[in-house]
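Peer 1: following is a predicted model, sequence given first.
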Amino acid sequence: MRHEAEAAGVMAPAIEEAVKSGFVRMENLSKTYPNGTVALHDVNLTIHEGEFLCFVGPSGCGKSTIFKIITGLSSPSGGTLDVFGTTPKEARKQSDISFVFQDHTLLPWSTVESNVRLPLELRGVDKKTQKIEAERVLEMVGLKDYMKVLPRQLSGGMKMRVSIARALVSRPKLLLMDEPFGALDEITRQTLQNELLNIWQQDKKMTVLFVTHNVFESVFLSTRVVVMTARPGKIAATLDIPVPFPRDDEFRTAPRFNELVRKVSAALHH
Ligand SMILES: Nc1ncnc2c1ncn2[C@@H]1O[C@H](COP(=O)(O)OP(=O)(O)OP(=O)(O)O)[C@@H](O)[C@H]1O
């Protein structure tokens, strides 16, 4: 419905406001858990449509807490966070948000295809569309020939590709990735980084928020890096990565890359 309205050039006032003011907007966002832990303090951040934003920071700086609030699984204790001009819970209901975690969380007894179709099945999408959409995203991640295979027959990198395909199947406007490549070997990790950028490039409107502990990964992938400090979690710096896409493996060894890595590292250790 909303997509149709947008295509016709008519946007609801709330959406228009969201586009103008930022796609995800945090204002003085704070979170104190019931045991007194201050996970976030006064976080201000505006994320625009189509950005690829990486969060880096030490363990416990509140990155997952931000994700929990964006998805409506946790509520702020102070300030506000809105997604597409509405509440996180509402945005989630509209299936505009998908997640990928470090643990691929695939159902072991279901084939690759069934795993990928699951989000659509849960939403009551008809079987024919489920199949078409599953094929579309499995093609994107290079696994169309593995549709009938069980997860245990796949390598770690392939399982992660299935997990990414499952997240993409509902055509999300916002993709949240919490250390998705943290458990993979370096070569697989770099391959998946390249593939993820290709996928993101195909859909200029999808916004990706990506948590990583790896400074190199943050510079390679993102349009902007948000550096956080621990206890209480705050934004120490936001750094633009003004390097055009597509980015290829040559970028990983370019002087510009090293210079940006140094900048992010300096902000982390400040
Ligand atoms: N449910 C909870 N109750 C109490 N404290 C919590 C809860 N969840 C998280 N915390 C604490 O809040 C702080 C931020 O946690 P969070 O998981 O958001 O950090 P993180 O940056 O994602 O960490 P990591 O990189 O290790 O995953 C930490 O000190 C954590 O121990």
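Peer 2: That came in fine, so what should we check first? No experiment lies behind these values; they were computed from the predicted model shown.
Peer 1: give me the neighbour count for the nearest residue to F181 once chain neighbours are set aside.
Peer 2: Leaving aside its chain neighbours, F181 sits nearest to R189 (4.5 Å; criterion: CB to CB, 6 or more residues apart in numbering). No exception for glycine: its C-beta is placed from N, CA and C like everyone else's. Neighbourhood size, R189 [other CB atoms under 10 Å]: 18.
Peer 1: you'd agree R189 is in a helix?
Peer 2: Yes - counting by DSSP: H, G, I helix; E, B strand; the rest coil, R189 is part of a helix.
Peer 1: correct me if wrong: it contacts E217.
Peer 2: Yes - between R189 and E217 a contact is recorded at 7.4 Å, counting by CB atoms under 8 Å.
Peer 1: pull up the overlap in contacts between the two.
Peer 2: Common contact partners of R189 and E217 (CB atoms under 8 Å, 6 or more residues apart in numbering): F181.
Peer 1: just to revisit the earlier point, so what's the residue nearest to F181 scoring on pLDDT?
Peer 2: Listed pLDDT for R189 reads 93.
Peer 1: measure it to K131 for me?
Peer 2: Distance, R189 to K131, using CB to CB, to the nearest Å: 31 Å.
Peer 1: give the contact list for the residue most central in space within the chain.
Peer 2: Taking CA atoms, centre = their mean, the centroid of the chain lies closest to L176, which sits 2.5 Å from it. L176 makes contacts with 67, 70-71, 97-100, 209, as judged by CB under 8 Å, 6+ apart.
Peer 1: what about it, distance to the ligand?
Peer 2: 12 Å (CB to the nearest ligand atom, to the nearest Å).
Peer 1: quick one: the helices in the stretch 51-200 of the chain?
Peer 2: 63-70, 88-93, 112-122, 127-140, 156-168, 186-202 (DSSP state H, counting those that start in this stretch).
Peer 1: right, and I164 touches I199 too?
Peer 2: Yes - assessed by CB under 8 Å, I164 is found in contact with I199 at 7.5 Å.
Peer 1: more neighbours, these two?
Peer 2: I164 (25 against 18).
Peer 1: show me what contacts the more buried one?
Peer 2: 100, 141, 180, 192, 196, 199.
Peer 1: the fifth one against L221, yeah?
Peer 2: Think L196. Yes - at 7.1 Å, L196 and L221 qualify as touching, with contact defined as CB under 8 Å.
Peer 1: tally of neighbours for the residue lying closest to E113 once chain neighbours are set aside?
Peer 2: In space, and not counting its chain neighbours, E113 is closest to M147: 4.1 Å by CB to CB, 6+ apart. A count of neighbours around M147, defined by other CB under 10 Å, yields 18.
Peer 1: M147 touches V137, doesn't it?
Peer 2: No - the pair M147 / V137 is not scored as a contact, 11.0 Å apart, by CB under 8 Å.
Peer 1: flag every residue of the chain that's near the ligand.
Peer 2: Applying CB under 6 Å from any ligand atom, one finds that the chain approaches the ligand through 33, 35, 37, 39, 57, 59-65.
Peer 1: farthest-apart pair in the residues you listed, please.
Peer 2: N35 and G57 (21.0 Å; CB to CB).
Peer 1: those two: which has the busier surroundings?
Peer 2: Neighbours per residue, other CB under 10 Å: of N35 and G57, the larger number sits with G57, 22 against 5.
Peer 1: list the contacts for that one?
Peer 2: Contacts of G57 (CB under 8 Å, 6+ apart): 63, 227-230, 233, 236, 268.
Peer 1: lovely, talk soon.
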